[in-house]
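# could you work out the structure for the sequence below:
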Amino acid sequence: MKKIILIIMLGVFCFARSNFSEPIPTFDNPRKVIFSIHTADLKKVNATLGSMYNIQKEYPAESLHMVVVAYGKGLRILRKDFDKATKTRIKSLMQYDVEFIGCKNTMDSMHWKEKDFLDGVEFVQAGIAEIIERKVAGYIGINAY
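Reported below is the predicted structural model:
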């Protein structure tokens, strides 16, 4: 009888799995994710935004920090004159503390101004360098589509 109970307990232990890998994300040690957006293709952009929503569903808000860096053609998605539905999704993500960062190098080459972009967008000189530095700082880089 003890052997049966031991086998059952061992089986439960082997197949029991926490939802998160170690270390478990917490307020002090959140999962840090950085998305790279370098296209303005609506299908790809909205698929990427959908991936962000899916990640938000899996992690408690206090244990997740998401950043989006847009550069090249992808910077267009953060402009005020971009697709209305996509802008609504971006603004919604911003309300959930997703950080959106635009590339000033791209902005300068396109002769765009900060006033052309959604409120709340931050800017760095080189978007690609921001991605590199965030990865060095422990962010998990995702280029969904």
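# gap between stretch 81-101 and the chain center?
The chain centre lies 12 Å from the centre of stretch 81-101; the measure is Cα atoms, centre = their mean, to the nearest Å.
# I should have written stretch 31-40 there, sorry.
So, by Cα atoms, centre = their mean, the centroid of stretch 31-40 is 6 Å from its chain's centroid.
# what average pLDDT does that stretch get?
Here stretch 31-40 scores 94 as its mean pLDDT.
# can you list contacts of it?
Contact partners of stretch 31-40, identified using Cβ atoms under 8 Å, 6 or more residues apart in numbering, comprise 25, 45, 48, 51-52, 55, 59, 63-74, 76-77, 82, 131, 134-135, 137-145. Just so you know, the C-beta spots here come from the backbone N, C-alpha and C atoms, and that holds for glycine as well.
# do the same with stretch 105-120
Contacts for stretch 105-120 (Cβ under 8 Å, 6+ apart): 71-72, 75, 78-81, 87, 90-91, 94, 100, 102, 121, 123, 125-127.
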